[in-house]
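Chemist: Need the 3D shape of this:
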Amino acid sequence: MADEKELRYDPATIEPKWQQKWAADPTLYAAEPKECGKPKYYVLEMLPYPSGQLHMGHVRNYSIGDALARHMWMRGYNVLHPMGWDAFGLPAENAALKNNTPPREWTLANIAAMKRQMQRLGLGYDWATEVTTCLPEYYRWNQWFFLRMYEKGLVYRKQSKVNWCPECATVLANEQVVNGCCWRHEDTIVEQRDLEQWFYKITAYAQELLDGLDTMEGWPEKVRTMQRNWIGRSEGTEVDFGLEGSGAKIRVFTTRVDTIFGATSVQLAPEHPLIKEFCVSDAELKAKVDLLIEEQKKAKESGDLGAIEKHGVATGRFAVNPYNGEKVPVWVANYILMDYGTGAIMSVPGHDERDFEFATKYGLEIRRVIAPAEAGAEEPALPYTSEDGVLVNSGAYDGLRCTEAEKKLQEVAASGGFGEAKVTFRLKDWGVSRQRYWGTPIPMIHCAKDGLVPVPDDQLPVILPAQVEITQQGGSPLSRVADFVNTTCPKCGGPARRETDTMDTFVDSSWYFYRYTDAGNSSAPFEPATAQYWFPIDQYIGGVEHAILHLIYSRFWTKVMRDLGLIKNDEPARRLFTQGMVIKDGAKMSKSKGNVVSPDDMVVRYGADSTRMYALFAAPPDRDLDWQEDGVAGVSRFLGRVWRLATKHAEAARAGRSRKYEAPSGTALKLLRKLHQTIARITQDFEGRWHFNTCVAAIMELVNEMQAADAELSSGAVEAAVIHELLRSLVLLLAPFAPFLAAELWEELGEEGAVLRAPWPACDAELAREDEQEIPVQINGKLVTVVRVAAGADAKTIEAAALADEKVLARAAGKTVAKVIVVPGRAVNLVVK
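Modeler: Prediction:
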């Protein structure tokens with residue numbers, strides 16, 4: 001029996017010992033060659049931004065992935081479990097301003113600090129595959145991909161109205177504007193500016209991105225819905241209204257061409273080219289339009305354009321409906337967007353709520369052209385928006401159902417040359433230009449003679465200069481570095497200027513998981529055959545907040561790489577898991593909110609295992625976790641109980657290693673039954689719902705039963721072979737959740753090799769089966785008692801046990817049992833009158 005000192009659980013001694021041993025074995029967490037013959041499993045948590053310190057939100061995310069990786073190693077899989085750093089980004093520039101520290105120096109110091117934290121937590125990453133996106137060996141391939149996409153027509157440059165964050169002093173993609181504010185600075189209103197920008201043509205894949213969602217059954221429906229809505233496919237018709245007295249055409253987009261005979265005006269966006277023409281000769285109109293533009297700008301900045309108070313101005317001009325020659329007034333309205341559809345609509349107030357509101361406000365005609373399809377149906381109030389009706393007041397099309405009329409009207413437009421069926425998308429091309437220093441330089445050259453010239457592949461990477469003055473004013477800092485800007489045109493040999501914008505940092509995270517498979521490759525982004533072996537990712541883990549940023553960009557990048565012949569998969573990940581947030585003081589734990597809990601503090605007080613295990617135990621992983629330090633202390637006390645139990649009986653367990661038990665009974669059978677039920681429960685959780693909180697609870701229940709039988713374990717009433725199986729299996733079950741303690745106890749039990757490489761325990765179904773089971777008994781639908789019967793008992797046996805129960809006899813005294821309903825193995829219901 002161990003002495004009292006040995007029975008104290010001391011993570012401050014145990015954990016550094018194993019951390020040192022693991023660090024000395026680079027093969028421990030390394031993936032094996034693809035020829036190993038094992039089934040592969042690629043598990044990945046989203047890589048962090050190296051802000052300097054992990055917080056408990058990070059720990060929760062990484063503990064989920066680490067538990068899964070360890071389980072799959074124990075199940076005999078060839079596991080790839082890498083980690084890297086999303087290392088470019090604005091915070092490094094902010095730190096440079098605040099601390100007078102170069103961004104590269106600040107970033108690499110933070111990476112070193114966070115890596116030490118991860119290692120102290122015992123996270124099982126293969127650091128040989130580490131990727132750091134701010135290093136030239138990585139970002140050269142960002143530039144290489146840019147050039148390949150430029151060659152394919154998937155990169156272009158144009159003057160564009162862009163989202164500008166005054167705090168970041170740079171451009172934001174549409175996806176980075178949240179409720180009118182910057183995604184990083186949640187209280188900073190985003191402005192609109194006109195700038196020359198580089199774009200990735202993500203819209204070329206809009207339909208495929210949408211269709212692919214139907215195949216992604218391993219992704220949460222919430223994420224797929226968010227992406228569907230962001231892609232925003234609309235089927236409709238484009239129709240040309242002629243501008244009266246001019247050869248100009250106004251092309252409108254409508255999803256309800258069946259209502260076109262109810263169009264009583266055409267409305268244009270304030271920034272429509274025709275409106276600009278009208279304003280050149282009409283100063284009064286220009287002043288009114290400028291007000292509409294300002295209103296629209298403010299609504300965009302507030303993030304709620306749909307709630308804008310609708311204002312409009314009549315231009316005094318008329319457009320001609322091509323279907324019936326009717327002239328309708330042309331208006332300009334503040335709720336029409338130039339970047340949606342064609343920037344022009346036909347207004348049908350009788351059958352559209354928004355148009356109805358506008359027409360009512362300005363006294364425009366409201367006309368009924370759709371009626372209920374049912375004969376004799378009461379005429380509904382306007383606006384009547386049903387699409388399951390028939391046309392009225394629509395000339396030759398009267399009586400047609402809406403869907404039939406739509407097809408005929410599209411055919412007439414196409415044959416008449418004034419329109420066509422059209423599909424539009426809400427998704428816009430991805431603006432990737434950023435006016436900042438700490439990002440991937442865009443590999444293009446501006447030549448006075450030859451225009452835009454790509455940097456040749458043999459001149460990649462275009463290196464970021466090391467010493468740059470960062471002011472976040474006056475455009476890109478790179479534009480002020482003469483040695484960087486001034487170059488030679490690779491085409492004509494004359495003087496030229498480098499592009500000074502850098503790439504959006506979401507470029508870095510769009511393909512990093514492919515680089516993990518071949519991180520040291522200096523001649524290509526990765527070796528295609530290696531990537532083909534590992535992809536798609538089997539399990540990707542990260543926050544739902546990335547649903548329409550990183551997750552849609554990475555899907556686009558995967559499809560581009562497939563079309564470049566680098567990979568064969570259509571999607572990056574087979575399964576996606578979005579973990580809940582860690583909440584403290586009523587808000588998401590984050591550095592900006594000042595409510596961060598450092599895992600370092602928790603590790604010092606309670607140990608890494610307790611810290612990790614609490615993150616998995618306190619709530620189901622897909623739910624938010626309300627941070628409570630008392631919970632970490634509670635887990636620490638539990639692990640102390642495990643330590644005392646295992647070390648107390650380790651000698652007996654070692655003695656039982658070479659023995660086998662036969663026909664266990666009594667306490668031994670009861671404990672073995674609980675053990676194998678626990679194995680089954682935890683195995684099922686790993687394979688299915690991922691409720692690691694119930695896995696930990698099941699281990700706690702097992703330990704409780706073993707401690708309750710301590711006298712029998714100590715006295716020899718339970719044979720050594722049973723004790724060996726109980727403790728050995730307990731350690732294996734703990735290994736994914738508390739790896740340090742599991743490693744120490746594995747050694748204490750005299751087991752050989754790494755516990756990580758030991759086979760996962762198998763459930764013996766016969767041992768797990770209960771001899772008896774509890775059956776609830778109801779009288780007239782109300783629970784009265786519970787009876788115990790032999791497992792698998794038939795209906796007659798269960799009925800007899802229920803009718804003989806004392807509580808049932810007392811409740812039924814003086815009454816008649818009219819009916820007995822038995823559901824074998826489940827319940828008994830007595831109908832008593």
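
Chemist: What residues does Arg562 make contact with?
Modeler: Applying Cβ atoms under 8 Å, 6 or more residues apart in numbering to Arg562 gives the contacts Lys568, Asn569, Asp570. Any C-beta I mention is one placed from the backbone N, CA and C, and that applies to glycine too.

Chemist: Kindly recompute the last result at 10 Å.
Modeler: By Cβ atoms under 10 Å, 6 or more residues apart in numbering, the contact list for Arg562 reads Lys568, Asn569, Asp570, Glu571.

Chemist: Next: Gly580.
Modeler: Contacts of Gly580 by Cβ under 10 Å, 6+ apart are Gly57, Arg60, Asn61, Gly543, Val544, Ala619, Pro620, Pro621, Asp622, Arg623, Asp624, Leu625.

Chemist: Quick check: closest non-adjacent residue to Glu235.
Modeler: Val423 (5.5 Å; Cβ to Cβ, 6 or more residues apart in numbering).

Chemist: Can you tell me the SS state at the one you found?
Modeler: The three-state label for Val423, taken from DSSP: H, G, I helix; E, B strand; the rest coil, comes out as strand.

Chemist: Around it, how many other residues sit close by?
Modeler: Close neighbours of Val423, defined as other Cβ atoms under 10 Å, add up to 10.

Chemist: Against Val79, how distant is it?
Modeler: Distance of Val423 to Val79, given as Cβ to Cβ, to the nearest Å: 43 Å.

Chemist: again, but for Val597
Modeler: 30 Å.

Chemist: Neighbour count for those two, which is higher?
Modeler: More crowded of Val597 and Val79, by other Cβ under 10 Å: Val79, with 27 against 18.

Chemist: what lines up beside the strand or helix carrying the more buried one in the sheet?
Modeler: When elements are defined using DSSP states H and E, Val79 is found to belong to strand 78-80. Take DSSP bridges as the rule and strand 78-80 pairs in its sheet with strand 40-45 (parallel).

Chemist: Show me what counts as buried in stretch 655-674.
Modeler: By 16 or more other Cβ atoms under 10 Å, the buried positions in stretch 655-674 come out as Gly656, Tyr661, Pro664, Thr667, Ala668, Leu669, Lys670, Leu671, Leu672, Arg673, Lys674.

Chemist: The stretch 551-700 of the chain: helices as residue ranges?
Modeler: Under the criterion DSSP state H, counting those that start in this stretch, the stretch 551-700 of the chain contains helices at 599-606, 608-617, 629-648, 650-655, 666-687, 692-708.

Chemist: of all those, which lies closest to Tyr125?
Modeler: Closest approach to Tyr125 among these (Cβ to Cβ): helix 608-617, 14.0 Å.

Chemist: Run the angle between the closest one and helix 692-708 for me.
Modeler: Note on geometry: by axes from the mean of the first three to the mean of the last three Cα atoms, to 10 degrees, helix 608-617 and helix 692-708 are set 120 degrees apart in direction.

Chemist: what comes up buried for helix 608-617?
Modeler: Ala608, Asp609, Ser610, Thr611, Arg612, Met613, Tyr614, Ala615, Leu616, Phe617.

Chemist: and those residues as CSV, adding distance to Cys695?
Modeler: Formatted as CSV, those follow (distance: Cβ to Cβ, whole Å):
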residue, distance to Cys695
Ala608, 18
Asp609, 14
Ser610, 16
Thr611, 17
Arg612, 13
Met613, 10
Tyr614, 13
Ala615, 13
Leu616, 8
Phe617, 9
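
Chemist: Go through the residues you listed and name the one nearest Pro39.
Modeler: Closest to Pro39, out of all of these and judged by Cβ to Cβ, is Leu616, at 24.9 Å.

Chemist: excluding its backbone neighbours, what's nearest the closest one?
Modeler: Phe692 (4.2 Å).

Chemist: cool, and Arg480?
Modeler: Glu469 (6.6 Å).
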